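Enquirer: sequence plus the predicted model coming up.
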Amino acid sequence: MKKSVLSTVALTFTVSLLASAAATAASRDMISVVGSSTVYPFSTVVAERFGKKTQFNTPKIESTGTGGGMKLFCAGNGIDTPDMSNASRRMKKSEYEMCVENGVTDITEVLIGYDGIVVANSNAAPQMKLSRKDLFLALADKVPALDGSETLIKNPYKTWKDVNASLPATKIEVLGPPPTSGTRDAFAELVMEGGCKQYPWIKAIKKTDKSAYKAICHSVREDHVYIEAGENDNLIIQKIDANPDAMGIFGFSFLDQNTNKIQGSFIDGTAPSFAAIADGSYPVSRPLFFYVKNSHVDKVPGIAEYLAEFTSESAMGQMGYLTDKGLIPLGNDKFAEVSADVKSYKMLQL
Amino acid sequence: MTNQLKTGQKALNMNDSSMHSNTDRIKKSLKKRNSKEKRFRLWGRLAISFGFLMVAILFADIGTKAYPAFFQHWIKVDIEFNRQWLSIEPSDSAVRPDMQALKQANYSATVKKSLYQMFPSITARGDKRDLMKLLSYSAEFKIEDLVTANPDLLGQRVSLWLLADDDVDSYFKSDFTAGQSSGRINDKQAMWLKQLFDSGAVEKRFNTLFFTNSDSREPELAGIRGALSGTILTMIIVLAISFPIGVSAALYLEEFAPKNRWTDMIEVNINNLAAVPSIVFGLLGLAVLINIFGLPRSASLVGGIVLSLMTLPTIIIASRASIKAVPNSIREAAIGLGASDMQVTLEHVLPMAMPGILTGTIIGLAQALGETAPLLMIGMVAFIVDVPTNFTDAATVMPVQIYLWADSPESAFLAKTSAAILVLLAFLLIMNFSATFLRSKFEKNGQ
């Protein structure tokens, strides 16, 4: 008798659960955002303030990585798909085509600002003055032969002084993100390739054999000089703080938050600072985006208001609260353009 | 007869001499064996104390890192609820503004202007910005709550304790040498803070927000309530699904199922399932629960079902072992008294096996409590501020919260991470204690 009562309770419990689940799946009153872990720290700040200021629910921000976010975003127009996707690079043509194939054609692109990538070391060590060429020579798997001939040899450099006589004679030891990270992609593209193409004969390869060129410029050495420290940038900071000889590679916002422990190195004569990244004189920065599914604007309450908050002067502007979190703001013209595009839900075309 | 006696005596003699040599041998080896046993016991003690030492180091490390997170600095600010600053219409003090006007009032300007009033010497725009950075941005929401709750405050001047920004908090907690710039606090800010500190307008309090707030991107506001609620909801689902299914599967396989190729195969599969990497269950959850059945993403319901799949094999294996250990005499005696198979199983075997089953369940739940990998696929690794109240609300769990905080750029989140780990461990301890309590209850009943 007691048993049958119990099982009836359990059954009603399950049925009501599934019923309520089905009901919530049909409509949604919480904005859902997916995508890049680099944009995550910024969109969460906006989401939190938006939730406090307005009567809408605080949006849910998932940190899935840029590629993973695009897959979810482009899966379709249904209400169970995310409304926005964060990206630490522009949407790829292949991703756009995937979107269009699944009926997601009306997308607005929002450029929110820039993120710098820094090479930093402990405050206890002297500040380094590096060039992209130095970094390429120090970290590439294969480097041009020492005798000046146009051949490649396995990277022989052990200390920074070997790379460039003006640098200190400390051992090269760099902690950085693994290949799965967007920061690593950007570092390879902006720093390694930037240094690599300063050799005219390597640059010439690009025209004849693009993949060989990429293999030369993007491959990082594997003899424990470049140490993959996982996706956690705080771990890299702790390690370079403990070991003054080591250098670390991570996003500018982490440098900005930890200036009591670490300092950013000069790259091509410019130190990573807010102003230098914003005006483009610091050479290693990348744009950050998010994408909006316009078909959801009427279906999920609060999207228009969330967009207004994100693109407002007090958030994304020159003195906005996002800059306190390390986002490099857009210039005034670009900012006005982006705000106008968002207001009119300008359709993305790739 | 004599012969017999002689041989008997001889035998006795021989026995005597061999006994003599045996005791000698035993005596000789006794010392060696005793010292061997002593060494063995010593090794045992060493092993246990090594384990204890490691646990102590772990706890001391987490504890010292977490300690700062349990305290917070507050700053006393004279807030003037000036109608003009609040831009409340009409500015006539005789008229009581309605709720709508109070909701739309400009509270951030009021905080700013009140703060500037405390430091009249500050005029430069950049300095004013730096001054505002001393306070947490939550200040404006706090005074909004105060005014909407009590509109009589309008026109008054009140001293309020407001939460300090995380940078200020870390500054006071760490290398606070009065008036010196450090970290993200510049020389001017340090000077203002010294002024405030000397006038007694800075106070260190226990951090209750850590337990009453949900996740936030501002370390001073971040709390674990949301993640804790999510964990409890998820664990309820895990328990509700995996315990009844696990125990009934174990009972059937042990007590009723015939031994043949099919049951052998099921047994092998259950053992294999226990060893499957947890991320695989996450992929399964995404493909089946979300994509086919259309359950909501990020919900504790889906998380609970996925984690149940993970805990089920653990519970089944432990339950089977414990059911097997129930002596057969119990079953035979019950059958002998005329009990049916089901009565034997439910009324005699199950209660006796219960302590072991509970141990297995707790181990399974503890495993599920620490998982993040399978939750990534089903959208529970996310920034969620609203506290989940039912099983379909977007939710996150404690280990995910720890992971997200550990990955945040603000250095104050380091302490928060350790504090959250302590809370997770406390949760685990509570679960273990309740299991021990239930066990001892069942053990008494079983006798």
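Expert: Okay, I see it. Residues are numbered from 1 along each chain as shown, chains lettered A, B, ... in the order given.

Enquirer: for burial, what's the neighbour tally of residue A:337?
Expert: 14 (other C-beta atoms under 10 Å in any protein chain shown). (Glycine included, C-beta is placed from N, CA and C.)

Enquirer: domain map for the chain?
Expert: In the absence of a named chain, chain A is used. According to automatic domain parsing, chain A is divided into the following domains: A:30-115+A:286-343, A:116-285.

Enquirer: not what I meant, chain B
Expert: If you go by automatic domain parsing, chain B breaks into B:2-67, B:72-212, B:225-446.

Enquirer: would you reformat those as JSON lines and include mean neighbour count, distance to residue A:55 and mean pLDDT?
Expert: Converted to JSON lines, the domains of chain B look like this (neighbours: other C-beta atoms under 10 Å in any protein chain shown; distance: least, C-beta to C-beta, whole Å; pLDDT from 0 to 100):
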{"stretch": "domain B:2-67", "mean neighbour count": "10", "distance to residue A:55": "36", "mean pLDDT": "81"}
{"stretch": "domain B:72-212", "mean neighbour count": "16", "distance to residue A:55": "10", "mean pLDDT": "84"}
{"stretch": "domain B:225-446", "mean neighbour count": "19", "distance to residue A:55": "12", "mean pLDDT": "91"}
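
Enquirer: closest to residue A:101 out of those domains?
Expert: With C-beta to C-beta as the measure, domain B:225-446 is the member of those nearest residue A:101 (17.2 Å).

Enquirer: so can I have TSV of the domains of chain B showing distance to chain A?
Expert: Shown next, in TSV, are the domains of chain B (distance: least, C-beta to the nearest C-beta, whole Å):
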stretch	distance to chain A
domain B:2-67	12
domain B:72-212	3
domain B:225-446	4
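
Enquirer: quick one: the strands in the stretch 201-350 of chain B?
Expert: B:202-206 (DSSP state E, counting those that start in this stretch).

Enquirer: sorry, back to before: as CSV, the domains of chain B with distance to residue A:267 would be great.
Expert: Listed next are the domains of chain B as CSV, based on distance: least, C-beta to C-beta, whole Å:
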stretch, distance to residue A:267
domain B:2-67, 33
domain B:72-212, 23
domain B:225-446, 20
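
Enquirer: in CSV, list the domains of chain A along with mean pLDDT and distance to chain B.
Expert: Formatted as CSV, those follow (pLDDT from 0 to 100; distance: least, C-beta to the nearest C-beta, whole Å):
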stretch, mean pLDDT, distance to chain B
domain A:30-115+A:286-343, 91, 4
domain A:116-285, 88, 3
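
Enquirer: reformat those domains as a markdown table; add distance to residue B:327.
Expert: Compiled in a markdown table, the domains of chain A are given as follows (distance: least, C-beta to C-beta, whole Å):
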| stretch | distance to residue B:327 |
| --- | --- |
| domain A:30-115+A:286-343 | 53 |
| domain A:116-285 | 52 |
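
Enquirer: what's the most buried one of these?
Expert: Looking across the domains of chain A with neighbours counted as mean count of other C-beta atoms under 10 Å in any protein chain shown, the highest average goes to domain A:30-115+A:286-343: a mean of 20.

Enquirer: ok, then the element right after the helix of greatest length in chain B?
Expert: Longest helix of chain B, by residue count under DSSP state H: helix B:2-66. Counting by DSSP states H and E, the next helix or strand C-terminal to helix B:2-66 is strand B:71-80.

Enquirer: by contact count, what packs against the helix or strand containing residue B:161?
Expert: Using DSSP H and E, residue B:161 sits within strand B:157-163. Packing partners of strand B:157-163 (3 or more C-beta pairs under 8 Å, 6 or more residues apart in numbering or on different chains; DSSP states H and E): strand B:71-80, helix B:139-149.

Enquirer: quick one: closest of the ones you listed to residue A:230.
Expert: Comparing these under C-beta to C-beta, the one sitting nearest is strand B:71-80, at 30.4 Å.

Enquirer: pull up the pairing partners for that closest one, direction included.
Expert: Strand B:71-80 has these partner strands in its sheet, going by DSSP bridges: strand B:157-163 (antiparallel), strand B:202-206 (antiparallel).

Enquirer: need these in a markdown table (columns: distance to residue B:241).
Expert: A markdown table is the format used below for the strands paired with strand B:71-80 (distance: least, C-beta to C-beta, whole Å):
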| stretch | distance to residue B:241 |
| --- | --- |
| strand B:157-163 | 41 |
| strand B:202-206 | 38 |
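
Enquirer: what's the spacing between the helix or strand containing residue B:361 and its chain's center?
Expert: Using DSSP H and E, residue B:361 sits in helix B:350-369. Between the centre of helix B:350-369 and the centre of its chain there are 19 Å (C-alpha atoms, centre = their mean, to the nearest Å).

Enquirer: and if you look at stretch A:144-160?
Expert: With C-alpha atoms, centre = their mean, you get 32 Å for stretch A:144-160.

Enquirer: mind checking the end-to-end distance for it?
Expert: 16 Å (C-alpha to C-alpha, to the nearest Å).

Enquirer: mind checking how far the longest helix of chain B is from the chain centre?
Expert: Offset of helix B:2-66 from its chain centre (C-alpha atoms, centre = their mean): 44 Å.
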